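Student: I'd like to go over a predicted model; first the sequence, then the structure.
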Amino acid sequence: MSIISDDYNNSHEKKEPKKKNPIVKSEKTDNDNKFENVIRPKTFDAYIGQSSLKETLKITIEAAKKRNTTLDHLLFYGPPGLGKTTLAGVIAEQMGVEIKITSAPALERPRDIIGILMSLKGGEILFIDEIHRLNKIAEEILYPAMEDFVLDMTTGKAQTVKTLRIPLPKFTLIGATTKAGELSGPLRDRFGIIHRLEFYTDKELSKVIERTAKILEIKIDEKGAFAIAKRSRGTPRIANRLIKRVSDYALVKYNSEINEHIANEALDILQIDEYGLDTADRNLLKLIVEKYDGGPVGIETIAAALGEDVRTIEDVSEPYLLQAGLIQRTPRGRKASPQAYKHLGYKIPKSMEQQSLF
């Protein structure tokens, strides 16, 4: 991939401050990030869940240290909120190197990705969130950088064009994505280590909640933590947000520690049911059941009827509804499962009775 050097030179001279350009994920507020920075674990021992992945990474890191080399490039994929960014931070901590964090939508122009790559020091980690959203130019700049640790550039115009290869210090790229299938083949093939992060069990989430409560000095007993865990959709980020809301409720209404009763009462008021579904999730299920006889119905039709963006449904609501077995994907669209009918209190149609396990 060739880049006109004038573009780079102008950005290098005039945009120097943008080298310090770790970008925050667009769906989070500043308060969310400050909160997550406080509670993020720094070691594998403190990082709860993803047990098999942690063991694999420990071996990989130890081997890299013994060889005195950088880690292979890593790709983490899975639903949002499972700890991909946190895991990247733990890896950097264990390797004893700095990590620079950005997101693919922020890398709009060649100068953005070039500036970050040129600012890297030997052994450092570059973390790119939502890497499937990289534009084609930025992606092609990454190919030689990942493979040969060089930047391919050109200078001059027409017959005076010259090719330059600028060496880069060896670094590790960690990519995170919620849609691994949207990554191009050439980019995906350049990652040496690829792992999927799984939804958490209620027991694991209960430990996450107890750890967060301890850091934030929130009093909670085991049953209270487990009650919140059961409604956290298998996602640590949601669990950590819910404990703050339940803590507020316990403080104002009871002025006491969180127990099972208080947790359930607070979550009922927040309209988060025993499956962890909120009002938007239930409206989606009800739409399929009531308006479209249980489906199948296309995702675009669902989005239009709900007044939501297709991507919001695919990225936020659908992954957990699929995981929980409440909806099914078919070639013709989405269908409500017998379990969804039962959860919403509807009678299961005769055509579905054989599918039902209940």
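Tutor: Noted; the coordinates are in hand.

Student: quick one: contacts for residue 98?
Tutor: 92, 121, 124, 125 (C-beta atoms under 8 Å, 6 or more residues apart in numbering). Using the backbone N, CA and C atoms, a C-beta is placed for each residue, glycine as well.

Student: ok, those vs residue 155, which is closest?
Tutor: Of all those, residue 121 has the smallest distance to residue 155: 25.1 Å, by C-beta to C-beta.

Student: tell me which helix or strand the closest one sits in.
Tutor: Here residue 121, judged by DSSP states H and E, is contained in no helix and no strand.

Student: thought it was touching residue 169?
Tutor: Yes - Residue 121 is within contact range of residue 169, at 5.8 Å (criterion: C-beta atoms under 8 Å).

Student: count the residues that sit near residue 312.
Tutor: Residues near residue 312, counting by other C-beta atoms under 10 Å, number 14.

Student: name the SS class of the residue positioned nearest the centre of the chain, please.
Tutor: Nearest to the centroid of the C-alpha atoms of the chain, with distances taken as C-alpha atoms, centre = their mean, sits residue 80, at 3.3 Å. Here residue 80 is recorded as coil under DSSP: H, G, I helix; E, B strand; the rest coil.

Student: contacts only, for the closest residue to it other than its chain neighbours.
Tutor: Spatial nearest neighbour of residue 80, chain neighbours left out: residue 178 (5.4 Å); criterion: C-beta to C-beta, 6 or more residues apart in numbering. Contact partners of residue 178, counting by C-beta under 8 Å, 6+ apart, are 77, 78, 79, 80, 130, 132, 315, 319.

Student: quick one, phi psi at residue 178?
Tutor: With angles defined as degrees, to the nearest 10, residue 178 sits at phi -90, psi -10.

Student: re earlier: which one of the contacts of residue 98 is nearest residue 105?
Tutor: residue 125 (19.9 Å).

Student: isn't the closest one right up against residue 100?
Tutor: Yes - if you go by C-beta under 8 Å, residue 125 and residue 100 touch, sitting 7.2 Å apart.

Student: what's the next secondary structure element after the helix or strand containing residue 114?
Tutor: Residue 114 belongs to helix 110-119 when elements are defined using DSSP H and E. Later in the chain than helix 110-119, the nearest helix or strand by DSSP H and E is strand 125-129.

Student: please write out the alpha-carbon positions of whichever helix or strand comes after that next one in PDB.
Tutor: Helices and strands here follow DSSP H and E; after strand 125-129, the next one along the chain is helix 136-147. Extracted in PDB, the C-alpha atoms of helix 136-147 (Å, rounded to 0.1, in the frame of the first residue of the first chain):
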ATOM      1  CA  LYS A 136      -9.700  -0.100   3.500                       C
ATOM      2  CA  ILE A 137      -6.700   2.300   3.500                       C
ATOM      3  CA  ALA A 138      -5.900   1.900   7.200                       C
ATOM      4  CA  GLU A 139      -6.200  -1.900   6.900                       C
ATOM      5  CA  GLU A 140      -3.800  -2.000   4.000                       C
ATOM      6  CA  ILE A 141      -1.300   0.200   5.900                       C
ATOM      7  CA  LEU A 142      -1.500  -2.400   8.700                       C
ATOM      8  CA  TYR A 143      -0.600  -5.400   6.500                       C
ATOM      9  CA  PRO A 144       3.200  -4.700   6.100                       C
ATOM     10  CA  ALA A 145       3.300  -3.200   9.600                       C
ATOM     11  CA  MET A 146       2.000  -6.400  11.100                       C
ATOM     12  CA  GLU A 147       3.900  -8.800   8.900                       C
END
